[in-house]
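1. compute the structure for the input listed below.
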Amino acid sequence: MSRLDSFIRRVMAQRACLDAAARLIENVDGPVLELGLGNGRTYDHLRERLPGREIFVFDRRVAAHPECVPDEAHLVLGDVRETLPSALARIGRPAALVHCDVGTGVQGDNVALGRFLGPALAPLMAKGGIVVSDQSLDVPGWTALAPPPEVRAERYFMYRAG
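-> Okay, the predicted model is just below:
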């Protein structure tokens, strides 16, 4: 498969999972966390799908389209390994939705990142909140959800926080 086809499949999976997650959190209070701003495409999509929600973005640096950069109060810069442990004080209350798109493309690095993310995100989640991730996460008390039917298994992962 070409890299272009792989990219298209990935972003279609992201969109399908984020749209499903937006429906799943209709009755869950709390902000949204976007881990990995990148070009700002998914942040922009979340703003459109969840217009009444605060969205906090975490990334190492800003490289997004200028119209897709959150204001300073909602942008947390630095390595997520350093910024997530104190994030609850910044966001003010548990999150209804977290989208993790922080994979490196290196399988070993991704596995290590997934091992960190699950435990780091657990205290940030509202009960019943949804996590959509490009990494497999293993968190006691979370329920793995099947992705939408159009998303190939293991392409994207969805969890409900317990």
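2. how about the strands in this structure?
-> With strands called from DSSP state E, the chain shows them at 32-35, 55-59, 75-77, 95-100, 125-133, 143-145, 157-160.
3. could you dump those into a markdown table with distance to residue 117 and mean neighbour count added?
-> Placement of C-beta: from N, CA and C, glycine included. Putting the strands of the chain into a markdown table (distance: least, CB to CB, whole Å; neighbours: other CB atoms under 10 Å) gives the following:
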| stretch | distance to residue 117 | mean neighbour count |
| --- | --- | --- |
| strand 32-35 | 8 | 26 |
| strand 55-59 | 11 | 22 |
| strand 75-77 | 15 | 18 |
| strand 95-100 | 6 | 26 |
| strand 125-133 | 7 | 22 |
| strand 143-145 | 15 | 14 |
| strand 157-160 | 11 | 21 |
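4. okay if I get the ones you listed as JSON lines plus distance to residue 68?
-> Output for the strands of the chain, formatted as JSON lines (distance: least, CB to CB, whole Å):
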{"stretch": "strand 32-35", "distance to residue 68": "11"}
{"stretch": "strand 55-59", "distance to residue 68": "10"}
{"stretch": "strand 75-77", "distance to residue 68": "11"}
{"stretch": "strand 95-100", "distance to residue 68": "14"}
{"stretch": "strand 125-133", "distance to residue 68": "18"}
{"stretch": "strand 143-145", "distance to residue 68": "27"}
{"stretch": "strand 157-160", "distance to residue 68": "23"}
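5. distance to residue 3 and mean pLDDT added to the ones you listed, as CSV?
-> Converted to CSV, the strands of the chain look like this (distance: least, CB to CB, whole Å; pLDDT from 0 to 100):
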stretch, distance to residue 3, mean pLDDT
strand 32-35, 23, 97
strand 55-59, 22, 97
strand 75-77, 28, 97
strand 95-100, 22, 97
strand 125-133, 21, 97
strand 143-145, 28, 97
strand 157-160, 22, 97
